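Engineer: missing the sequence, but the structure's below:
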């Protein structure tokens with residue numbers, strides 16, 4: 001059964017699925033839907049995304065236990081699931097793995113959040129379906145909703161107070177017969193963001209902040225997409241072209257104290273973008289085709305992606321590098337071809353088989369006078385087979401197996417300047433050697449779903465893997481934005497993970513309780529290990545492997561007090577420990593501390609559906625660190641949300657208000673790199689969105 005509470009539908013977790021602000025479907029139909037998988041997942045509807053608008057897509061999804069947004073400046077953020085992000089989780093758009101420069105620490109997702117119709121978060125290893133990189137989980141985004149009317153659309157105006165963000169998004173679509181189309185565009189502009197302090201300390205230097213703003217963190221975003229398709233009774237096909245462009249400044253004082261050395265007047269305007277800054281453009285062409293036979297269902301997803309990113313900075317010399325010509329510090333131009341083919345078919349009345357083939361090719365080329373990763377090409381292919389076995393309406397088993405092979409080639413690179421060596425000689429220092437590595441991995445998964453009375457129990461166990469990315473194999477350079485020198489390791493082995501997930505869910509339509517514990521063991525976890533060495537004035541971090549044990553729990557309790565009032569309590573805890581290597585006994589860098597949320601929500605009718613809610617977000621202190629990390633104190637913030645929906649014939653008006661850190665408290669996020677230079681999290685921030693659907 002489903003527990004319904006003031007617009008929330010909490011689905012009984014035979015597969016531990018939670019549906020937020022979705023259509024309420026109870027009884028047998030809902031149970032059948034949930035018994036399809038034993039993985040822990042959360043479905044997020046379009047209404048939820050609108051009513052919980054909080055700046056970026058990941059900040060909107062942060063209310064889901066286990067999901068966090070790692071903020072980068074004021075306009076973007078990166079996703080993490082159960083403390084794993086970057087290349088340890090997959091972001092999928094309409095069935096295709098989104099491929100940008102995921103390894104980067106200073107840019108977010110190159111996806112238009114207002115084009116997303118719904119989302120699904122799969123927590124825990126999902127390599128069985130998605131291959132390498134899905135070792136921590138999957139964020140699946142769907143932007144391919146088929147219009148049902150001859151003409152429909154929406155317009156949304158939105159803004160944020162902290163960084164004076166202003167934005168406009170519009171979508172139009174229509175359908176005639178089986179043919180349909182969709183067009184969308186989004187424009188965003190924002191200023192330097194505010195923090196609740198007037199100064200910060202960076203390497204013993206005290207830096208004043210004008211009006212409490214971080215200099216040069218302004219930016220803009222421009223997104224557009226077009227989709228054409230045909231939807232028939234058995235056959236569906238569509239072609240989607242999207243382009244996402246963003247430009248954002250780097251906090252000026254994070255690039256080696258440029259403010260003290262530069263002639264740029266960073267305080268001239270809080271909306272301009274000066275050096276150093278970056279721009280990213282992501283172009284994607286995606287084709288999705290399905291055919292439904294009497295028994296078989298075929299599916300094919302094909303895509304080409306181009307991700308072009310440049311970092312520009314004032315030319316400065318460091319180490320033996322002379323002052324370079326030009327402002328282009330780094331360029332990365334990545335092309336990706338992806339093909340996913342799948343077949344689903346029943347085998348008798350109890351078995352439902354799924355099989356598929358995934359292939360991907362990447363080619364990345366670098367440029368600029370700064371170096372951190374070399375040119376590379378990677379190719380991968382994988383095949384999987386899954387079976388869902390129905391013993392009864394209340395008991396299902398599922399199991400699957402997958403075989404993958406990947407090959408990575410890294411090109412050699414030498415500095416463009418001479419470096420002195422012994423005997424007074426000089427050489428063009430080699431930063432990267434030619435590397436050819438092949439990786440093969442066999443993964444598997446098995447699970448069980450069991451429902452009895454008001455209880456739903458589930459268990460899932462499996463093995464996942466992750467191929468070392470070129471940065472981990474061949475990096476050798478300064479990463480200014482996180483204040484360190486990084487060096488790769490060409491001998492790294494594929495990362496493996498063994499995980500067990502359990503789930504317990506109980507509800508009686510008034511109280512919903514869900515508890516999801518998990519344990520995760522890595523025989524060879526890859527991470528950047530801080531050393532006592534310094535290169536070019538920055539601390540050296542090098543990639544290494546170690547055995548790691550991780551375990552945690554997520555819990556959520558919802559109480560429908562009366563038809564108008566709802567209370568909610570949810571929290572999460574994660575523990576990680578290195579079991580070998582130089583840092584044996586320590587945790588992992590930037591480990592997530594425990595957190596909990598307590599909130600209340602009041603829903604009523606006032607010229608349409610209206611709600612208002614108050615939430616206290618509490619984060620514990622993090623004293624489990626890896627030297628030279630420093631502990632982080634705990635903190636709490638008070639947050640408010642409100643919304644209204646008014647229906648007028650064929651038009652619907654949506655208003656959403658979200659206020660973070662109402663009390664403007666100063667605190668530090670242990671997972672934020674800006675914490676290293678004493679930059680606290682943003683101060684009070686009010687987000688407002690007004691949208692019209694027609």
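Structural biologist: Sure thing, it's come through. All values reported here derive from a predicted model rather than from experimental measurement. Residues are numbered from 1 along each chain as shown.
Engineer: pLDDT weak spots in the stretch 401-550 of the chain?
Structural biologist: Applying pLDDT under 70 to the stretch 401-550 of the chain picks out residues 481.
Engineer: how does it look with 90?
Structural biologist: 419-425, 429, 453-456, 477-485, 503, 505, 507-509, 528-540 (pLDDT under 90).
Engineer: tell me which stretches of it form strands.
Structural biologist: Using DSSP state E, counting those that start in this stretch, the strands of the stretch 401-550 of the chain run over 413-420, 426-432, 435-452, 455-466, 476-479, 484-487, 495-507, 511-535, 538-560.
Engineer: against which helices or strands is the third one packed?
Structural biologist: By that I understand strand 435-452. helix 127-130, strand 395-410, strand 455-466, helix 470-474 (3 or more CB pairs under 8 Å, 6 or more residues apart in numbering; DSSP states H and E). Every residue, glycine included, has its C-beta placed from N, CA and C.
Engineer: for residue 688, find the nearest of these.
Structural biologist: Across those, residue 688 has its closest neighbour in helix 127-130 (36.0 Å, CB to CB).
Engineer: give me the contacts around that closest one.
Structural biologist: Residues from elsewhere that reach helix 127-130, judged by CB atoms under 8 Å, 6 or more residues apart in numbering: 90, 92, 97, 134-135, 138, 356, 358, 384, 386, 400-402, 404, 443-445, 462, 464-466.
Engineer: narrow those to those that are buried.
Structural biologist: 90, 92, 97, 134-135, 138, 356, 358, 384, 386, 400-402, 404, 443, 445, 462, 464-466 (16 or more other CB atoms under 10 Å).
Engineer: what pLDDT does the nearest residue to residue 289 once chain neighbours are set aside get?
Structural biologist: Leaving out its chain neighbours, the residue that sits closest to residue 289 by CB to CB, 6 or more residues apart in numbering is residue 237, at 4.3 Å. In this model, residue 237 is scored at 96, pLDDT.
Engineer: residues in contact with residue 237?
Structural biologist: Applying CB under 8 Å, 6+ apart, we find residue 237 in contact with 229-230, 287-290.
Engineer: please narrow those to those residing in strands.
Structural biologist: Within the contacts of residue 237, residues falling in strands by DSSP state E are 229-230, 287-290.
Engineer: residues of stretch 478-498 that come out buried?
Structural biologist: Quick answer for stretch 478-498 (16+ other CB under 10 Å): 478-490, 492, 494-497.
Engineer: mind listing the helices for this structure?
Structural biologist: 28-34, 46-51, 57-60, 127-130, 258-261, 470-474 (DSSP state H).
Engineer: confidence-wise, which of those is weakest overall?
Structural biologist: Note on the helices of the chain: lowest mean pLDDT is at helix 28-34, with a mean of 45.
Engineer: which ones are touching residue 343?
Structural biologist: So, once contact is read as CB under 8 Å, 6+ apart, residue 343 ends up touching 296-299, 354-356.
Engineer: if you set the cut-off to 10 Å instead, what comes out?
Structural biologist: For residue 343, the contact set (CB atoms under 10 Å, 6 or more residues apart in numbering) comprises 296-299, 353-357.
Engineer: residue 320 now?
Structural biologist: Neighbouring residues of residue 320 by CB under 10 Å, 6+ apart: 415, 417-420, 426, 429, 536.
Engineer: ok, now with 8 Å
Structural biologist: 417-420.
Engineer: neighbour count and distance to residue 110 for these - can I get that in CSV?
Structural biologist: Output for those, formatted as CSV (neighbours: other CB atoms under 10 Å; distance: CB to CB, whole Å):
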residue, neighbour count, distance to residue 110
417, 15, 33
418, 14, 37
419, 15, 36
420, 11, 41
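Engineer: closest to residue 562 out of the residues you listed?
Structural biologist: The closest of those, once distances to residue 562 are taken by CB to CB, is residue 417, at 72.1 Å.
Engineer: which phi and psi does the closest residue to that closest one other than its chain neighbours have?
Structural biologist: Closest residue to residue 417 apart from its sequence neighbours, by CB to CB, 6+ apart: residue 321 at 5.2 Å. Phi and psi for residue 321, reported as degrees, to the nearest 10, are phi -70, psi 130.
Engineer: any idea how far residue 321 is from residue 412?
Structural biologist: Going from residue 321 to residue 412 by CB to CB, to the nearest Å gives 19 Å.
Engineer: more neighbours, those two?
Structural biologist: Of the pair residue 321 and residue 412, residue 321 is the one with more neighbours under other CB atoms under 10 Å, namely 20 against 13.
Engineer: what's near enough to touch that one?
Structural biologist: 369, 415, 417.
Engineer: now residue 436
Structural biologist: For residue 436, the contacting residues are 407-410, by CB under 8 Å, 6+ apart.
Engineer: just grab the bridge partners of it for me.
Structural biologist: residue 409 (DSSP bridges).
Engineer: cool, and the one 4 residues further on?
Structural biologist: According to DSSP bridges, residue 405 are recorded as the beta-bridge partners of residue 440.
Engineer: verify the contact between it and residue 402 for me.
Structural biologist: No: counting by CB atoms under 8 Å, residue 440 does not reach residue 402; the two are 11.6 Å apart.
Engineer: how about the nearest residue to the residue most central in space within the chain, chain neighbours excluded?
Structural biologist: In the chain, the C-alpha nearest the mean C-alpha coordinate belongs to residue 79, at 2.4 Å (CA atoms, centre = their mean). Spatial nearest neighbour of residue 79, chain neighbours left out: residue 58 (4.7 Å); criterion: CB to CB, 6+ apart.
Engineer: who are the neighbours in contact with the one you found?
Structural biologist: So residue 58 contacts 67-70, 77-79, 108-109 (CB under 8 Å, 6+ apart).
Engineer: the same query, at a cut-off of 6 Å, please.
Structural biologist: For residue 58, the contacting residues are 69, 77, 79, by CB atoms under 6 Å, 6 or more residues apart in numbering.
Engineer: in strands only, show me those residues.
Structural biologist: Judged by DSSP E, the contacts of residue 58 include 69, 77, 79 as members of strands.
Engineer: gap between the second one and residue 477?
Structural biologist: With distances taken as CB to CB, residue 77 is found 25 Å from residue 477.
Engineer: those two: which has the busier surroundings?
Structural biologist: Per other CB under 10 Å, whichever of residue 77 and residue 477 has more neighbours is residue 77, with 24 against 20.
Engineer: let's see the pLDDT reported for the more buried one.
Structural biologist: pLDDT, residue 77: 76.
Engineer: any idea how far residue 613 is from it?
Structural biologist: Applying CB to CB to residue 77 and residue 613 gives a distance of 22 Å.
Engineer: correct me if wrong: residue 340 contacts residue 358.
Structural biologist: Yes: counting by CB atoms under 6 Å, residue 340 touches residue 358, with 5.1 Å between them.
Engineer: without its sequence neighbours, what residue ends up closest to residue 510?
Structural biologist: residue 560 (5.1 Å).
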